[in-house]
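Peer 1: Take this sequence and fold it.
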Amino acid sequence: MKLTKILGYLGLLASILVGLGEYFLHYSPEILGHAADYEFFKYVPLEHLTTGHFLAVIGLPFYFAGYIHIYRMLKSGNEMLARLVLAIGFIAFAVGGIWIGSRASIGHIVHLKDAMDASTYQHLLTHYTDHMEVLVQALRVIIATLSVVFVVAILKGGTYYRKWMAIFNPIVILLLVFSTMFWASGLAKHLAPIAMNVTHFILFTLSLYQLKTKSHEIH
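Peer 2: Have a look, this model is predicted:
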């Protein structure tokens with residue numbers, strides 16, 4: 001249980017470091033309403049792009065530790081489903097790592113808009129969208145698939161999770177975070193740029209809480 005706890009805290013650390021990194025990469029007071037052609041990046045200072053890039057890159061590997069934590073929490077119920085959650089989690093953050101590693105570069109390109117001709121600039125944006133932005137769409141599908149397996153594994157029983165934890169699967173938490181855009185726009189402009197990290201901060205916090213509860217029951 002000690003190792004499982006440590007791995008959970010490393011996952012929590014990942015959500016904080018990558019969340020801070022993504023906040024530096026994406027946030028400005030003008031973020032809402034400037035999504036087209038990545039225009040929001042022109043309001044993000046270049047030094048923030050650099051800081052955010054390295055914070056995210058440093059923090060990302062700890063997400064893999066976090067998913068090993070989740071695997072260990074699930075495996076007593078159904079080993080195959082637990083391994084499937086682990087595998088999908090690794091795929092998710094391998095894809096996510098490639099995407100987030102590209103954000104400082106596209107941000108810098110947006111800052112250089114006036115230094116190049118319009119057709120070259122648009123070609124670079126189109127190339128980025130086709131090769132990198134598509135990854136974040138894929139990531140959401142992967143996380144949705146992971147969430148289904150996560151729910152099934154918990155509902156089958158025998159895991160370290162109480163069955164109510166199935167409600168707090170990643171895709172439901174992610175949708176809740178994005179829903180703030182409709183009922184709390186002032187909060188949404190801070191949460192939306194780092195939604196996946198907020199999602200996993202909540203997920204790992206609840207998971208560690210359930211581990212603590214389970215440990216008390218055993219003792």
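
Peer 1: Can you show me the helices along this protein?
Peer 2: 2-26, 46-59, 61-74, 79-100, 103-111, 118-128, 134-155, 170-183, 185-191, 195-218 (DSSP state H).

Peer 1: tell me what the third one is packed against?
Peer 2: With contacts defined as 3 or more C-beta pairs under 8 Å, 6 or more residues apart in numbering; DSSP states H and E, helix 61-74 has these neighbours: helix 2-26, helix 79-100, helix 134-155, helix 195-218. All C-beta spots, glycine's among them, are computed from the backbone N, C-alpha and C.

Peer 1: residue nearest the centroid of the protein?
Peer 2: When C-alpha atoms, centre = their mean is applied to the chain, the residue found nearest the centroid is M196 (2.9 Å).

Peer 1: isn't that one right up against I142?
Peer 2: No. With contact defined as C-beta atoms under 8 Å, M196 does not count as touching I142 (11.0 Å).

Peer 1: and the residue nearest to I173 when sequence neighbours are not counted, how many residues sit next to it?
Peer 2: Using C-beta to C-beta, 6 or more residues apart in numbering and skipping residues adjacent in sequence, the residue nearest I173 is T199, 4.5 Å away. By other C-beta atoms under 10 Å, 25 other residues sit near T199.

Peer 1: residue contacts, T199?
Peer 2: The neighbours of T199, taking C-beta atoms under 8 Å, 6 or more residues apart in numbering as the test, are 170, 173-174, 177.

Peer 1: Kindly report the same for H53.
Peer 2: Contact partners of H53, counting by C-beta under 8 Å, 6+ apart, are 21, 25, 101, 103-104.

Peer 1: rerun at 6 Å
Peer 2: Applying C-beta atoms under 6 Å, 6 or more residues apart in numbering to H53 gives the contacts A104.

Peer 1: And it, how far from S102?
Peer 2: Computed as C-beta to C-beta, to the nearest Å, the H53 to S102 distance reads 9 Å.

Peer 1: How about A166?
Peer 2: 34 Å.

Peer 1: wouldn't L206 be in contact with I167 here?
Peer 2: No. Using C-beta atoms under 6 Å, L206 is not in contact with I167; the gap is 9.9 Å.

Peer 1: Looking at those two now, which is surrounded by more residues?
Peer 2: Neighbours were counted for L206 and for I167 using other C-beta under 10 Å; L206 has more, 16 against 11.
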